[in-house]
Structure formats: C-alpha cells, structure tokens
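*Asks:* return a 3D structure for these sequence lines:
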Amino acid sequence: MSQKVNVELVRHRAREIRESLDKIRAYTAQSDADFFADERNLYTVMHLLLICIEAVAAICNHLLAKTAREAPASYAECFEGLQHLNILDESLQNRLIQMARFRNILVHRYWQIEPARVLRYARENLDDFEQYLFHIGQFVGREL
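*Replies:* Prediction:
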C-alpha cells in the first residue's frame, strides 16, 4: 500500500457509513405498515443510503488514485479497479456495481422507484457495506 493513502480520510468515511447504517437499521426495524405510515421514513432511508453509497465511492476513488494512480470514470470502474488490486472479490465487486446502479436510480429517477424496493434493499443489502469496510480495513491495515 502506498504511504500516500490518507487513512484518516478512509476512517472518517467509514464512520459516516457505520453511523448511517445504524440509523437505517433503526428505521427498517419497524413493521412495513409503520414504516410507510410516515413518508419521512422512506425519504430518510433513501438519503442515508445515498450517504453510504457516496462514502463507499469516495473511499474507492481515493484508494485507486493513491495506489494505482487511476481516476475511474464510473463507480463500476472504481469497484472493478479494487477487484483488480485484489482488495475485493468478484462477488462483492458485482454487488457494489449493483449498489451503484441502485444509487443512480435514487438520484436520477427517484420518482420511478417503488417504495417497497427501497425498504427491501435497506433490509437485505446492508451487509455489503460491512463486507466492503472489512476488506478496505484489511487493505489499509487498520480496523475501520
């Protein structure tokens, strides 16, 4: 690993992810009826997911810039770069690419997304963030 990797930046972004994941878990622990009874729950979870995904991408971009001197053109390219550096396995890389596609829908076509899909994603995919942080922590040699 290059000495130029800013471990504190990575740790800061990891904290953002973990804090957001904790909040998402609290919101999604409600019953479906309670969750959808207040539309603020949906919009809050959407926003928290965006924070997580953007932080994942920021870490990815930083690591590639500092270790491989690459500037990926997309999130997918960024995650592929981490897989090429053996930081991520192919399965996690593919799930992160799907995560980036989900992010694009949240940002660019938010009016088309089904609320149930957001809730389902938030309940079923948070482990991908945890696995990502684990692998990044191994790479930088620090627990995140």
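*Asks:* and Val140, how far from Leu82?
*Replies:* 12 Å (Cβ to Cβ, to the nearest Å). (C-beta placed from N, C-alpha, C; glycine too.)
*Asks:* neighbour count winner among those two?
*Replies:* Each of Val140 and Leu82 has its neighbours counted (other Cβ atoms under 10 Å); Leu82 has more, 25 against 18.
*Asks:* surely that one touches Leu63?
*Replies:* Yes - counting by Cβ atoms under 8 Å, Leu63 is a contact partner of Leu82 at 6.7 Å.
*Asks:* burial measure for Val45, as a count.
*Replies:* Neighbour tally, Val45, other Cβ under 10 Å: 23.
*Asks:* buried ones in stretch 30-47?
*Replies:* By neighbour count with 16 or more other Cβ atoms under 10 Å, stretch 30-47 contains the buried residues 35, 41-42, 45-46.
*Asks:* now stretch 35-48 - C-alpha only, PDB.
*Replies:* C-alpha atoms of stretch 35-48 as PDB (Å, rounded to 0.1, in the frame of the first residue of the first chain):
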ATOM      1  CA  PHE A  35     -42.600   2.500   8.100                       C
ATOM      2  CA  PHE A  36     -44.900   3.500   5.200                       C
ATOM      3  CA  ALA A  37     -47.300   5.300   7.600                       C
ATOM      4  CA  ASP A  38     -44.900   8.300   7.600                       C
ATOM      5  CA  GLU A  39     -43.300   9.200   4.300                       C
ATOM      6  CA  ARG A  40     -40.400  10.800   6.100                       C
ATOM      7  CA  ASN A  41     -39.100   7.300   6.900                       C
ATOM      8  CA  LEU A  42     -38.800   6.400   3.200                       C
ATOM      9  CA  TYR A  43     -37.100   9.700   2.300                       C
ATOM     10  CA  THR A  44     -34.700   9.500   5.300                       C
ATOM     11  CA  VAL A  45     -33.700   5.900   4.400                       C
ATOM     12  CA  MET A  46     -33.200   6.900   0.800                       C
ATOM     13  CA  HIS A  47     -30.900   9.800   1.900                       C
ATOM     14  CA  LEU A  48     -29.000   7.600   4.300                       C
END
